[in-house]
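Asks: when you get a sec, could you give me coordinates for this:
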Amino acid sequence: DISEPAIEDAKANAVRNGYGDEGVTRFVASRAELVLAEELQKPGVKGKPIVAVVDPAREGLHADVIRALRCSPQIRRLVYVSCNPTGSLTND
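Replies: Alright, predicted model coming up:
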């Protein structure tokens, strides 16, 4: 998410649900296409199994995000949140 307040809410929810350790859960306030590939290569992340959660804008996922997700063998599960799931599936 690009919203700092949304990231802070996500962190608080992670703590409430037992996932507050940054070694387990990571939140980044930025456009995914700018940081995802680099985040997946960071020490402590690379090689670990990942559940990725995406909640794209109405236009869908950026091509760079799709590429990073598809080229990351450590992503074991992808949770796709959408207000228009059938419309965005044609784009993503």
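Asks: ok, and what's touching whatever helix or strand residue 13 lives in?
Replies: Under the criterion of DSSP states H and E, residue 13 resides in helix 4-16. Helix 4-16 is touched from outside by 1, 20, 25, 27-29, with contacts defined as CB atoms under 8 Å, 6 or more residues apart in numbering. For the C-beta atoms, the positions are set from N, CA and C on the backbone; glycine is no exception.
Asks: same thing with stretch 72-84?
Replies: Taking contacts as CB under 8 Å, 6+ apart, the residues outside stretch 72-84 that touch it are 40, 45-56, 58, 69, 88, 92.
Asks: okay, and for the protein, where does confidence drop off?
Replies: Applying pLDDT under 70 to the chain flags the ranges 85-92.
Asks: for the contacts of helix 4-16, which one is nearest residue 36?
Replies: residue 28 (8.4 Å; CB to CB).
Asks: isn't the closest one right up against residue 34?
Replies: No. Applying CB atoms under 8 Å, one finds residue 28 not in contact with residue 34, separated by 9.6 Å.
Asks: narrow the contacts of stretch 72-84 to those in strands?
Replies: Using DSSP state E, the members of the contacts of stretch 72-84 that fall within strands are 50-54.
Asks: on the three-state scheme, residue 37 is what?
Replies: Using DSSP: H, G, I helix; E, B strand; the rest coil, the structure places residue 37 in helix.
Asks: got a list of what residue 64 touches?
Replies: 33, 36-37 are the contacts of residue 64 under CB under 8 Å, 6+ apart.
Asks: picking up where we left off before, need the contacts of helix 4-16 in CSV (columns: secondary structure).
Replies: As requested, those are arranged in CSV below (three-state DSSP):
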residue, secondary structure
1, coil
20, coil
25, coil
27, coil
28, coil
29, coil
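Asks: reformat those as TSV; add distance to residue 78.
Replies: Converted to TSV, the contacts of helix 4-16 look like this (distance: CB to CB, whole Å):
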residue	distance to residue 78
1	16
20	23
25	16
27	17
28	17
29	21
